[in-house]
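Chemist: Turn this into a structure:
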Amino acid sequence: MADVVWKDRKRIIFGLPWTFTRYSLTEEKLVVDTGFISRKEDEIRLYRILDITLLRPLSQRIWGLGSIRLNTADKSSPELTIKRIKDAKKIKEMLSDMVEHERDEKRIAAREFMGYDDMDDMDHVN
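Modeler: Residues are numbered from 1 along each chain as shown. Below you'll find the model as predicted:
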């Protein structure tokens, strides 16, 4: 696995990380690992992230937390929220820069996210 750039846990009361949701970010992907006995790992390639929104309601700001909502071109996770993490604004900015870097590296054009699974679908567009 590539080097982890950032990792944290979803936090609960008083901003403490006593949950079974773990987030990790590498140069190429975001991984969300949930569960204790039965675990699920969800992975989103950074270049597939379309929109990033920072959410900081008062109940989270009190404890220095925030959430980041991601809209993606990923079929299994079209919308994902990184919930109640520390330094959410800083992480959102870092994630945004990394998404742009990955798109540039992979030369991803805007049409890649227009809903076409492959170029054969383009034949049906007038």
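
Chemist: Low-confidence bits of this protein, can you list those?
Modeler: The model of the chain has pLDDT under 70 over residues 1, 109-126.

Chemist: Go through it and flag its longest helix.
Modeler: Ranked by number of residues, the top helix in the chain under DSSP state H is helix 88-106.

Chemist: tell me which strands and helices that helix is in contact with?
Modeler: With contacts defined as 3 or more C-beta pairs under 8 Å, 6 or more residues apart in numbering; DSSP states H and E, helix 88-106 has these neighbours: strand 4-9, strand 21-26, strand 49-55, strand 65-72, strand 79-86. Any C-beta I mention is one placed from the backbone N, CA and C, and that applies to glycine too.

Chemist: how about those in CSV, adding distance to residue 43 and mean neighbour count?
Modeler: Below are the helices and strands packed on helix 88-106 laid out as CSV (distance: least, C-beta to C-beta, whole Å; neighbours: other C-beta atoms under 10 Å):
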stretch, distance to residue 43, mean neighbour count
strand 4-9, 13, 15
strand 21-26, 10, 18
strand 49-55, 12, 15
strand 65-72, 11, 20
strand 79-86, 11, 19
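
Chemist: Same list (those) but as CSV, adding distance to residue 98.
Modeler: Putting the helices and strands packed on helix 88-106 into CSV (distance: least, C-beta to C-beta, whole Å) gives the following:
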stretch, distance to residue 98
strand 4-9, 7
strand 21-26, 7
strand 49-55, 9
strand 65-72, 12
strand 79-86, 13
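
Chemist: I'd like to know which of those is closest to residue 40.
Modeler: Residue 40 sits nearest to strand 21-26 of all the helices and strands packed on helix 88-106, at 9.9 Å, using C-beta to C-beta.
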